[in-house]
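1. return a 3D structure for these sequence lines:
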Amino acid sequence: MDNSRQKSNYKKFLNNQLASSEMSELNDWIHSTEFDQYAQDIWDESSEIDFELSKQTQRDIYFKIGEEIKIEKDRTIHPINFYRHNFSLLMKIAAVVIFILLSTFVAKHILTDIPRQVETVVLTPKGGRSKTILPDGTEVWMNSDSKISYQPNFDGDERIIALEGEAFFKVVKDATKPFIVKTVGYDVKVHGTAFKVSHYSNSDSRVDLVEGKVEVIGKGKYRTFLKPHESIIYDAKNSTFRLGHNQISEEFDKESANLVFQDESLKAILIRLERHYGVKFQVKEEAILSRKFTGTFSLNESLDHILDVMSSNNIFWYKRNGNLLTIY
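-> Below you'll find the predicted structure:
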């Protein structure tokens, strides 16, 4: 077997450039003693480098990984399931080679010459609200129990924000550097616009566009553009999206101080009230949880006032004992 060609194929595999027709031959080579010797030679060469791990420690690590590889080799591999069965094996081998080639460079150059980027994290506790100005001037109004994280200087070709919770964004336009909000179920990509993203772990998630244009990108093949006052509601349990509408105004500073219910179930509303007011609800009659409500309340209003208004038509009653409220 041509060792030089297989070494080249292995590098192409690590870079995701290897053609499927070359996979079988590479598989045979990885399971041969020639590959074992190839990996051993690279490891021995790296052991001569002045690195903080002792030569004996490096050899111990090599042989430990080698034992894991032998276990994988002994398993029967069906040709159709080549990728599935060999993935862990190849990644272990890749990890060995990558560690050997990069460890000294990282230790001597990257860690000493370049300051490490520290991710900026902004948290808003339950019952709180906050406003943050991002490095590009984008304004973010964060609601209760929310978190955003981002690189301090927005290095790279994109401005990326990770969101957990709920936030309003008024994005500064920059056509050369898209602004992307990442959540667990989808991403929201914009250039300059005003919108809101709500993504809490225990409730449906939604994107509400106020002005401009955004693209919602699901983790699968789902992609759609929203027009002003259109919304996307994401059902995390079923991984489905549906189109809706919103009436959010452009006065984000005021909007972020409001609780807005738009044809929302009592179940969803109680979750939001728990989050904003730091209380717990227990419901005696579960049938009422599906009842829908629409309305706007200021977060400066008391929880009792909101519940009094919602229950004014005798749809439900409530009783309060400290931070525990019973709905019946």
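2. where along the stretch 101-250 of the chain do the helices fall?
-> 111-113 (DSSP state H, counting those that start in this stretch).
3. could you list the low-confidence segments of it?
-> For the stretch 101-250 of the chain, the stretches with pLDDT under 70 are 101-117, 191, 202, 249-250.
4. try 80 this time
-> Flagging of the stretch 101-250 of the chain using pLDDT under 80 yields the residue ranges 101-118, 127-128, 155, 191-192, 201-204, 220, 247-250.
5. how about the strands in it?
-> Under the criterion DSSP state E, counting those that start in this stretch, the stretch 101-250 of the chain contains strands at 120-124, 130-133, 139-142, 146-150, 159-170, 179-182, 186-190, 194-199, 205-211, 214-218, 223-226, 230-235, 240-245.
6. list the neighbouring strands of the last one plus their orientation.
-> Strand partners for strand 240-245, identified by DSSP bridges, are recorded as strand 230-235 (antiparallel).
7. return the set of buried residues in the strand it pairs with.
-> Buried residues in strand 230-235, defined by neighbour count with 16 or more other Cβ atoms under 10 Å: 230-232, 234. Quick note: C-beta positions are derived from backbone N, CA and C, even for glycine.
8. and for stretch 187-206?
-> Using 16+ other Cβ under 10 Å as the test for burial, stretch 187-206 gives 187-200, 203-206.
9. from the buried residues of strand 230-235, which is closest to Ser4?
-> Within the buried residues of strand 230-235, proximity to Ser4 (Cβ to Cβ) peaks at Tyr234, which comes in at 50.2 Å.
10. tell me how far the closest one lies from Ser290.
-> 20 Å (Cβ to Cβ, to the nearest Å).
11. now swap in Thr183 and tell me
-> In this view, Thr183 and Ser290 are 26 Å apart by Cβ to Cβ.
12. who's more crowded, the two?
-> Thr183 (20 against 9; other Cβ atoms under 10 Å).
13. tell me how far the nearest residue to that one once chain neighbours are set aside lies from Thr326.
-> Sequence neighbours aside, His199 is the residue nearest to Thr183 in space, at 4.2 Å (criterion: Cβ to Cβ, 6 or more residues apart in numbering). Noted for His199: a distance of 29 Å to Thr326, by Cβ to Cβ.
14. what's the answer for Leu26, then?
-> As for Leu26, its distance to Thr326 is 65 Å (criterion: Cβ to Cβ).
15. mind checking how far Tyr234 is from Glu158?
-> With Cβ to Cβ as the criterion, Tyr234 and Glu158 are 21 Å apart.
16. kindly apply the preceding question to Asp28 instead.
-> Taken as Cβ to Cβ, the span from Asp28 to Glu158 is 41 Å.
17. same check on Ser298?
-> Taken as Cβ to Cβ, the span from Ser298 to Glu158 is 36 Å.
18. contacting residues for the closest residue in space to Ala236 that isn't next to it in sequence?
-> The shortest distance from Ala236 to any non-neighbouring residue, by Cβ to Cβ, 6+ apart, is to Gly185 (5.4 Å). Listed by Cβ atoms under 8 Å, 6 or more residues apart in numbering, the contact set of Gly185 reads 199, 205, 218-219, 234, 236, 239.
19. recalculate using a threshold of 10 Å.
-> 199, 205, 216, 218-219, 222, 234-236, 239-241 (Cβ atoms under 10 Å, 6 or more residues apart in numbering).
20. more neighbours: Leu26 and Thr326, which one.
-> Shown here are Leu26 and Thr326; by other Cβ under 10 Å, Leu26 has more neighbours (19 against 14).
21. quick one on the thing from earlier: pick out whichever of the buried residues of strand 230-235 sits closest to Lys7.
-> Nearest member of those to Lys7, counting by Cβ to Cβ, is Tyr234, at 45.6 Å.
22. hmm, the closest one is touching Thr240, no?
-> Yes. Using Cβ atoms under 10 Å, Tyr234 is in contact with Thr240, at 7.5 Å.
23. now do the shared contacts for those two.
-> Among the neighbours of Tyr234, those also in contact with Thr240 (Cβ under 10 Å, 6+ apart) are 185, 218, 222.
24. what about Leu324, neighbour count?
-> By other Cβ under 10 Å, the burial measure for Leu324, its neighbour count, is 11.
25. next, count neighbours for the closest residue to it other than its chain neighbours.
-> Excluding the flanking residues, the one nearest Leu324 by Cβ to Cβ, 6+ apart is Lys280, at 5.4 Å. When neighbours are defined as other Cβ under 10 Å, Lys280 has 12 of them.
26. which residues does Lys280 contact?
-> Applying Cβ under 10 Å, 6+ apart, the residues near Lys280 are 270, 274, 322-326.
27. what distance do you get for it to Leu273?
-> According to Cβ to Cβ, Lys280 and Leu273 sit 10 Å apart.
28. need the overlap of contacts for these two.
-> Leu325.
29. need the three-state assignment for Leu289.
-> What DSSP: H, G, I helix; E, B strand; the rest coil gives for Leu289 is helix.
30. wait, Lys7 touches Tyr38, no?
-> Yes. Contact criterion Cβ under 10 Å: Lys7 and Tyr38 qualify, at 6.9 Å.
31. comparing those two, which shows the higher neighbour count?
-> Tyr38 (19 against 14).
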